[in-house]
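K.L.:
Give me a 3D structure for the following:
(one chain, ligands or ions: 1)
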Amino acid sequence: MNKSELEEQRSTVPERDRYDLIIIGGGPAGLTAAVYASLFRMRAFLITTNIGGQTVEGSKIENYMGYEFISGGELIGRFQDQLLHHNYLDHRMAEVTAVQSFPGGFTVTTQEGGRYQAQAVLIATGMRRRVLGVPGEERLQRRGVFYQHVEEGALVAGLDVAVVGGGNSALQGASDLSRQCPRVYVISLGDWTADVAVQEEVKALDNVTALRGYTVQEIHGEQRVSGLRVKYLKSGEERSYDVKGVFIEIGWRPYADLISTLVDLNSEQPG
Ligand SMILES: Cc1cc2nc3c(=O)[nH]c(=O)nc-3n(C[C@H](O)[C@H](O)[C@H](O)COP(=O)(O)OP(=O)(O)OC[C@H]3O[C@@H](n4cnc5c(N)ncnc54)[C@H](O)[C@@H]3O)c2cc1C
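P.N.:
Residues are numbered from 1 along each chain as shown. The predicted structure follows:
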């Protein structure tokens, strides 16, 4: 790109929307970066779809220094207070849909068509839940397909359910759900990976059935989940279970889609 092309690229964005730094993401990482940018008196801009990120979901945080425990909502309230009242930084609630590079900078585009430029972009977009990607999953979300057991468990009290996953979140979910559901099926591709103490707790529960070595093929239901079909990986044999809730706890993936054309990504990235 020659000098005039560079000027042309820059002039597509008005002066007021050009920054030294754009921070994408308003979770703990992005908010911390914003406070530092403000302290350094940088001309910086924060763009985020929400304030708090995953922390909002944390009902009880026990490893934040200075607090014996604090709820995610309260902690984020304090972060927000620090950003808005003590270390103010220009910001916008919006979803970034593209980050493009040009020599000397980046152009950031938001869903509603906003365009901003900066010499540097700090990506703090955190993680997204992994999904199964099977038929029925998306269509029946919140109608029997859930990604959290804490609040949604009450919606399936008295009904048989399945939990997909074998890590700590999945097994803690199975344990919690076993108190209110007659039968809980735990479906995992292989051996459980949860902490041994959690595994022992779940193994001792009479109403939990472990289906190890199985993959979910489909989630059934018209208005709500009415069952699911699984396949035993070793033999290919398929079975169906009449569960009314499917709790998917198969982990998180780094959300790096925005920069997939700018940097090489490793195998941890694909969803
Ligand atoms: C239920 C639960 C309990 C937890 N409990 C604890 C705990 O007790 N202790 C602990 O240390 N950790 C805990 N965690 C983990 C902790 O919340 C995360 O490690 C932390 O939130 C990661 O911060 P982050 O800023 O990197 O990303 P995130 O919190 O994921 O924030 C990402 C931000 O980026 C924004 N964003 C994403 N894509 C875009 C886009 N395209 N455009 C604009 N904005 C975008 C999101 O809106 C969000 O604001 C818990 C997580 C969960 C889900």
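
K.L.:
When you work out contacts or count neighbours from here on, use the C-alpha atoms and nothing else.
P.N.:
Will do.

K.L.:
Which pLDDT value goes with the residue nearest to residue 48 when sequence neighbours are not counted?
P.N.:
Spatial nearest neighbour of residue 48, excluding adjacent residues (CA to CA, 6 or more residues apart in numbering): residue 25 at 4.6 Å. pLDDT, residue 25: 96.

K.L.:
got the contact list for residue 25?
P.N.:
Going by CA atoms under 8 Å, 6 or more residues apart in numbering, residue 25 touches 31, 46, 47, 48, 49, 50, 53, 123, 124, 125, 126.

K.L.:
Let's see which of these end up in strands.
P.N.:
46, 47, 48, 123 (DSSP state E).

K.L.:
Pull the number of nearby residues for the first one.
P.N.:
Meaning residue 46. Residue 46 has 23 neighbours, counted by other CA atoms under 10 Å.

K.L.:
One more: the third one?
P.N.:
Burial measure for residue 48: 23 neighbouring residues, criterion other CA under 10 Å.

K.L.:
that older thread, restrict the contacts of residue 25 to contacts with the ligand.
P.N.:
By CA under 6 Å from any ligand atom, the members of the contacts of residue 25 lying near the ligand are 47, 48, 49, 50, 53, 124, 125, 126.

K.L.:
Pretty sure the second one sits against residue 95.
P.N.:
To tie it back to what came earlier, the one meant is residue 48. Yes: counting by CA atoms under 8 Å, residue 95 is a contact partner of residue 48 at 6.2 Å.

K.L.:
For stretch 129-136, which residues meet the burial criterion?
P.N.:
Using 16 or more other CA atoms under 10 Å as the burial criterion, the residues of stretch 129-136 that qualify are 130, 131, 132, 136.

K.L.:
contacting residues for the third one?
P.N.:
Going by CA under 8 Å, 6+ apart, residue 132 touches 216, 248.

K.L.:
The first one now?
P.N.:
Residues counted as contacts of residue 130 (CA under 8 Å, 6+ apart) are 250, 251, 252, 253, 271.

K.L.:
Who wins on neighbours among those?
P.N.:
When neighbours are counted by other CA under 10 Å, residue 250 leads the contacts of residue 130 with 20 neighbours.

K.L.:
Assumed that one was part of a helix.
P.N.:
No: counting by DSSP: H, G, I helix; E, B strand; the rest coil, residue 250 is not found in a helix; it is coil.

K.L.:
right, and the helix or strand after the lowest-mean-pLDDT helix or strand in the chain?
P.N.:
When each helix and strand of the chain is scored by mean pLDDT, DSSP states H and E, helix 3-11 comes last, with a mean of 62. Later in the chain than helix 3-11, the nearest helix or strand by DSSP states H and E is strand 18-24.
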